[in-house]
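Visitor: Sequence first, then the predicted structure:
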Amino acid sequence: AADQGLANAQFCLALCYENGTGVDQDQAEAARLYSLAAEQGFTRAQYDLDRDDAESVAELRLHADTGCPAAQCNLAGRYMKGIEVKQDHAEAVRLYRLAADQGFVGGEYGLASCYEDGTGVDHDDAEAVRWYR
């Protein structure tokens, strides 16, 4: 879908590349995909493209606390990998769940991966499949 030019898919794939979720982490590819989505007016991509890394965690927390699923998912990835925050798998799962409960694909995928791998939650293949669907 991202290759077909769908902005939401480009954004979700950018999150995956930024956080190394399901793919090797690649900041350049993440920035390219954010740019493609932002050019189509996808505001969440514009936010991720424009943010300053030095302020990113504080800004992400602010946006995550106001219910932005993209920020919740992005911050979850940082907690999962310990990027600019202390690694905390339980917090990552909590944030992925908040995003997933809003129907945000990146949150659903992140939460499913946690259940599949048993990271931050007990390993549960049935729950992983439920979130992957």
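Guide: Yep, that arrived.
Visitor: among the helices and strands of the protein, which has the poorest mean pLDDT?
Guide: Scoring the helices and strands of the chain by mean pLDDT, DSSP states H and E places helix 43-50 at the bottom, with a mean of 61.
Visitor: Helix or strand next in line after that one, which one?
Guide: Counting by DSSP states H and E, the next helix or strand C-terminal to helix 43-50 is helix 53-65.
Visitor: tell me the contacts of the residue nearest the centre of the chain?
Guide: Nearest residue to the geometric centre of the chain (C-alpha atoms, centre = their mean): residue 73, 3.4 Å. Neighbour list for residue 73: 15, 95-96, 99, 104, 106-107, 110 [criterion: C-beta atoms under 8 Å, 6 or more residues apart in numbering]. C-betas here are computed from N, CA, C, even on glycine.
Visitor: tell me the two of the residues you listed that are most distant?
Guide: With distances taken as C-beta to C-beta, the most widely separated pair in the contacts of residue 73 is 15 and 95, at 12.3 Å.
Visitor: From the contacts of residue 73, which land in helices?
Guide: Within the contacts of residue 73, residues falling in helices by DSSP state H are 15, 95-96, 99, 106-107, 110.
Visitor: Where neighbours are concerned, which of the residues you listed has the most?
Guide: Comparing the ones in helices among the contacts of residue 73 by number of neighbours (other C-beta atoms under 10 Å), residue 96 comes first, having 33 neighbours.
Visitor: what's the distance between that one and residue 38?
Guide: 23 Å (C-beta to C-beta, to the nearest Å).
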